[in-house]
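*Asks:* Have a look; sequence and predicted model below, questions after that.
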Amino acid sequence: MVKKNKIIIVEDDKDINNLIAYNLDKEGFAVEQSLDGLSAMQKIEHEVFDIVILDIMLPGIDGFEVCKRIKADSRYSRSFVVVVSAKSHEQDKLYAHLLGADYYLTKPFNLSGLLGAVNEISETLGREYLVRNG
Amino acid sequence: MIKSSFKLKLIFSYFFLIFASLGFIAFFLDRHIEEKTLQGIESALLNEARLIENQVSVPSALNNPPYLDKLCKDLGLRIGSRITVINLEGKVLADSEVPFQQVPGMENHLGRPEVSEVLQGRIGREIRYSSTLKIDMLYMAVPIEKNNVRAGILRLALPLTSVQKVLSAARKTIIVGLLFTLGLAFVLASILAKALIRPINRIIYASSRFAKGDFSRRIFHQGSHDEIGRLAATLNNMAQEIEYKIREVATKNQHLEAIFNSMIEGVIVTDRSSKVISVNRAIEELFGISRAQVEGKFFQEGIRNSGISELIAEAMSSARFISKEVTLVMPPQKILQANVSPLFDQEKVGGSLTVIHDITEIRRLETVRRDFVANVSHELKTPLTSIKGFVETLLEGALDDKENSVDFLRIINNHTDRLNALVDDLLELSHMESKEMSLSKTKFSLAPLVKEVMTVFGSQAKKKKVELSFELPQGLEIFADKDKIEQVLVNLVNNAIKYNKENGFVKVYSGQSKDGTKIVVEDSGSGIPAKDIPRIFERFYRVDKARSRELGGTGLGLSIVKHIIELHSGSVGVESTEGLGSKFFFIIPASSI
């Protein structure tokens, strides 16, 4: 049986945060919500999340910084980062990629696209789990 | 007193001229007098000779030597001349000046020119220096005739002392006359030279003033048309022309100086060694220096900007125009566009001209614009993301989720409203920024307008339990666009209610300001942190982003307020204490109409 992946949503817009949470919850993921970068980092310190859904324009610590910290820390080597941002410039996407982000979705995003990405990661994680545990 | 050598030359020229003319006259006069005197003496002597010949020619005298001698001596004494009687052989028979005994011993007189002339049939005449008497002597000789036959020669000799006496008297007179005339000539020449030299002195004086740069003088020349007059007139014309040209150049310089100093762009001129020749006022302001401080110094020690200094050096060494952006590090940071051109002096680089544009504001505006575009897109995309996401969620089956579907629809509705408000505010803002909007100003009373706004917000305030009140003098009127001021009041009161606490208050009142009418909207809300106050009127600047969105704010309300008031040439501001409330105010200038 595929393990229920843990996902944290870092998004300062409450409605969008709730929207993503509702849909991922329905898909059967364990969802945690965070409204800013700092509280997100605190949560990540306590618990390793499989997937981080990350907005870029956040109050306090911005998404790029959160991404950088996660990807630079070996504890989170198996965490996937999915950026969901209104920033649609190529240079923003490139920057996120250089920082190690795995997916980059621009707002307004297709719900099916987001769910597809999350499910794809989940499957990858599942296969890895199977390989590791025979 | 004679100081000018030209005057001396003039005087001596005159003097010499007069001296020479008089000298000639004196010379010929002397000759003439001498000649005439001699002629007179000669004819007198000749007459005497003829008279004496008459007495001597008688045979009693001629053949009686002692008598002849006595006669000669007698007559000689009487007429004061020397009388000599010579026979045809040249032998002296008697001489008035020689004792009788010595006469036979005298040499033969045949060789004397006057004697030989008589022998040839003419009257003998000779002037000769007498070695006996050591004096010039005049000799006249006539034949002694006895019955028309030549019997001997009578010679009369007269010392020329008398001639010399006459001559020296005449010469004395001439010399005295000459000296007197010369003295007179000298005085006259001085006066004449002085008169001639005066206009020249005037010219010298005036031209020395010209040389010192004073062209206001004119040479007085009494309108005379001689060469000096013409020279004076020419110099006057020249002075006038130069004065005019100098004034023209000065005016042109003043214009250039004015342009130079009123230029917004900073200008620096250096010589080839990077020494500052001049800077304009814009440079003084830009670098906080004074012209006197830097002019004549090397660029690097005067203005101390290595970036520009390098550009100048590069432009001069490459002899090419260089344009580059330079950042001024000293606070406040400035971004400058430096354009450096080498200046050529006879095909060689002789200096540099640097024109500096302060593009800080342009860059800042570019940043503001870029940020604005990014903000707008973000502000539009956020509600769109929610709308699209919830619609998709509903379509994917959440319609059946009775518990949540109504909530989702409400969220969609809210975001649609927010989008609409945002579009409205953006349009309003861009309309105001395009400067096309003309204000329709009228004079109106403030109190009724504020009352109207309060009424509109009545129910909203009641819901939040906020007390609305206003206190304005009845007659308080302003000259402004009523609709726009209403919008300002709406935005400010709306904010004051939204960010208020329960049981709070909103008060509108007027205050004093030297610039015009001041209206204050005070609330008892959460206040604004000091760090946010300077940026509170910026577009999309929110103290609390989440709260603003929750309350349906677009982030543009205060920005619109600022714009409207600035269109009225007024000002806006805020005083706030965090946790106690804020006082937003705006000032509408008192208009003369």
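*Replies:* That came in fine, so what should we check first? Numbering: from 1, shown residues only, chains lettered A, B, ... in the order given.
*Asks:* contacts, neighbours, all on C-alpha from now
*Replies:* Will do.
*Asks:* interface residues of chain B facing chain A?
*Replies:* B:374, B:377-378, B:381-382, B:384-386, B:388-390, B:392-393, B:411, B:546 (CA under 8 Å from any CA of the partner chain).
*Asks:* now, which of these lie within helices?
*Replies:* B:374, B:377-378, B:381-382, B:384-386, B:388-390, B:392-393, B:411, B:546 (DSSP state H).
*Asks:* Pull the most distant pair out of these.
*Replies:* Spatially, the most separated pair among those is B:374 and B:393, at 27.5 Å (CA to CA).
*Asks:* Among these two, which residue is more densely surrounded?
*Replies:* Neighbour count, other CA atoms under 10 Å in any protein chain shown: between residue B:374 and residue B:393, residue B:393 has more, with 20 against 16.
*Asks:* Looks like that one contacts residue A:23 (just checking).
*Replies:* Yes - counting by CA atoms under 8 Å, residue B:393 does reach residue A:23; the two are 7.2 Å apart.
*Asks:* if I've got this straight, residue B:443 is in a strand?
*Replies:* Yes - according to DSSP: H, G, I helix; E, B strand; the rest coil, residue B:443 belongs to a strand.
*Asks:* before we move on, the earlier item: looking at the ones in helices among the residues of chain B next to chain A, which is nearest residue A:126?
*Replies:* Out of these, the member with the shortest distance to residue A:126 (by CA to CA) is residue B:393, at 25.9 Å.
*Asks:* any idea how far the most centrally placed residue in chain B is from chain A?
*Replies:* Centroid-nearest residue in chain B: residue B:246, 5.7 Å away (criterion: CA atoms, centre = their mean). The gap separating residue B:246 from chain A is 64 Å, by CA to the nearest CA, to the nearest Å.
*Asks:* Show me what the helix or strand that contains that residue is packed up against.
*Replies:* Assessed by DSSP states H and E, residue B:246 sits inside helix B:227-262. Here helix B:227-262 touches helix B:161-211, helix B:281-287, going by 3 or more CA pairs under 8 Å, 6 or more residues apart in numbering or on different chains; DSSP states H and E.
*Asks:* Lowest average pLDDT across those helices?
*Replies:* Ranked by mean pLDDT, the helices and strands packed on helix B:227-262 bottom out at helix B:161-211, which scores a mean of 84.
*Asks:* quick one: that helix to helix B:227-262, angle?
*Replies:* Comparing the axes of helix B:161-211 and helix B:227-262 via axes from the mean of the first three to the mean of the last three CA atoms, to 10 degrees yields an angle of 20 degrees.
*Asks:* Nearest to chain A: which residue in the stretch 401-550 of chain B?
*Replies:* Closest to chain A within the stretch 401-550 of chain B is residue B:546: 7.0 Å, counting by CA to the nearest CA.
*Asks:* Once you drop chain neighbours, what's closest to the residue of the stretch 301-450 of chain B found nearest chain A?
*Replies:* Nearest residue of the stretch 301-450 of chain B to chain A (CA to the nearest CA) works out as residue B:385 at 4.0 Å. For residue B:385, ignoring the flanking residues on the chain, the nearest one in space by CA to CA, 6 or more residues apart in numbering or on different chains is residue A:108 at 4.0 Å.
*Asks:* residues near the one you found, how many?
*Replies:* By other CA under 10 Å, neighbour count at residue A:108 equals 20.
*Asks:* give me the element it is part of.
*Replies:* Using DSSP H and E, no helix or strand contains residue A:108.
*Asks:* Got phi/psi on it?
*Replies:* Torsion angles at residue A:108 (phi, psi; degrees, to the nearest 10) stand at phi -70, psi 130.
*Asks:* re earlier: buried ones in the helix holding residue B:246?
*Replies:* Using 16 or more other CA atoms under 10 Å in any protein chain shown as the test for burial, helix B:227-262 gives B:228-229, B:231-233, B:235-236, B:239-240, B:242-243, B:260-261.
*Asks:* same check, this time on stretch A:9-19
*Replies:* A:9-13, A:15-19.
*Asks:* ditto for stretch B:126-144
*Replies:* Neighbour count says stretch B:126-144 has B:126-127, B:136-144 buried, by 16+ other CA under 10 Å.
*Asks:* How about stretch B:440-452?
*Replies:* So for stretch B:440-452, counting by 16+ other CA under 10 Å, buried means B:444-447, B:449-450.
*Asks:* How about stretch B:287-305?
*Replies:* Buried-residue list, stretch B:287-305, by 16+ other CA under 10 Å: B:290-291, B:294-300, B:302-303, B:305.
*Asks:* looking at chain A, which helix or strand is least sure?
*Replies:* Of the helices and strands making up chain A, the lowest-confidence element is helix A:111-133, at a mean of 88, by mean pLDDT, DSSP states H and E.
*Asks:* Tell me the predicted confidence for residue A:1.
*Replies:* For residue A:1, pLDDT reads 40.
*Asks:* returning to what we had before: mind putting the buried residues of helix B:227-262 in CSV, pLDDT included?
*Replies:* Below are these laid out as CSV (pLDDT from 0 to 100):
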residue, pLDDT
B:228, 82
B:229, 84
B:231, 86
B:232, 85
B:233, 86
B:235, 86
B:236, 87
B:239, 87
B:240, 89
B:242, 88
B:243, 88
B:260, 88
B:261, 87
